[in-house]
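Student: here are the coordinates; sequence isn't available:
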């Protein structure tokens, strides 16, 4: 009996050979197939470098356009609150704090513009806050630490190197 006859006999007599042949054809087809797999392209989140911000530099991050990030200063830290655009964006209830040091306003639970230190003046030292206002500010600070990404430190103009 020749090799070809032995192969055909084994192929006809054993059903497992049918399965293995089919699997072999599938594997060969998969490797030689001209259509490549369309794997999704990996998308990495945008990275932000931790840095120091002066009040003037922080003002650039006020969310005035949909592409502009929203940063907010709280207790000397700068947080990226962009994901809370509905609250901190230009039309949100906390919109006047966008791109600014919001510490005094948060401590006093006031959205008034006069709670904001002008950006050309030194940072507010918050020395005149009452115990209740300090507790309120600490609660807000804890909220921002948990919910938003810390992206920098708020410093006076002369402190930046």
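Tutor: Cool, got the structure. Quick caveat: nothing in here was measured; it's all calculated off a predicted structure.

Student: what pLDDT, on average, does the helix or strand that contains residue 106 get?
Tutor: Per DSSP states H and E: residue 106 is located in helix 103-107. For helix 103-107, mean pLDDT rounds to 96.

Student: Equivalent analysis for stretch 144-161, please.
Tutor: So the average pLDDT for stretch 144-161 ends up being 87.

Student: If you count neighbours, what's buried in that stretch?
Tutor: Counting neighbours by 16 or more other Cβ atoms under 10 Å, one finds that the buried residues in stretch 144-161 are 144, 148, 151, 152, 154, 155. Where you see a C-beta, it was placed from the backbone N, CA and C, and this is true even at glycine.

Student: mind listing the helices for this structure?
Tutor: Applying DSSP state H to the chain gives helices spanning 3-13, 15-32, 55-58, 85-88, 103-107, 131-147.

Student: Quick one: closest of those helices to residue 43.
Tutor: For residue 43, the closest of those is helix 85-88, at 20.3 Å, according to Cβ to Cβ.

Student: what is the rounded mean pLDDT of the closest one?
Tutor: Averaging pLDDT along helix 85-88 gives 93.

Student: Same check on stretch 48-64?
Tutor: Mean per-residue pLDDT for stretch 48-64: 94.

Student: Buried residues, that stretch. List them.
Tutor: Buried-residue list, stretch 48-64, by 16+ other Cβ under 10 Å: 53, 54, 55, 57, 58, 61, 62, 63.

Student: Can you list the neighbours in contact with the longest strand anywhere in the chain?
Tutor: As assigned by DSSP state E, the longest strand anywhere in the chain is strand 149-154. With contacts defined as Cβ atoms under 8 Å, 6 or more residues apart in numbering, strand 149-154 is touched by 48, 50-55, 58, 71, 73, 76-80, 101, 123.

Student: taking these one by one, which sit in strands?
Tutor: Short answer: the contacts of strand 149-154 in strands (DSSP E) are 51, 52, 53, 71, 73, 77, 78, 79, 80.

Student: Pick out whichever of these sits closest to residue 114.
Tutor: When the ones in strands among the contacts of strand 149-154 are compared against residue 114 (criterion: Cβ to Cβ), the nearest one is residue 73, at 16.9 Å.

Student: now that closest one: how far from residue 92?
Tutor: Residue 73 sits 17 Å away from residue 92 when distances are taken as Cβ to Cβ, to the nearest Å.

Student: Between the two, which is the more surrounded one?
Tutor: For residue 73 versus residue 92, the count of surrounding residues by other Cβ atoms under 10 Å is larger for residue 73: 25 against 17.
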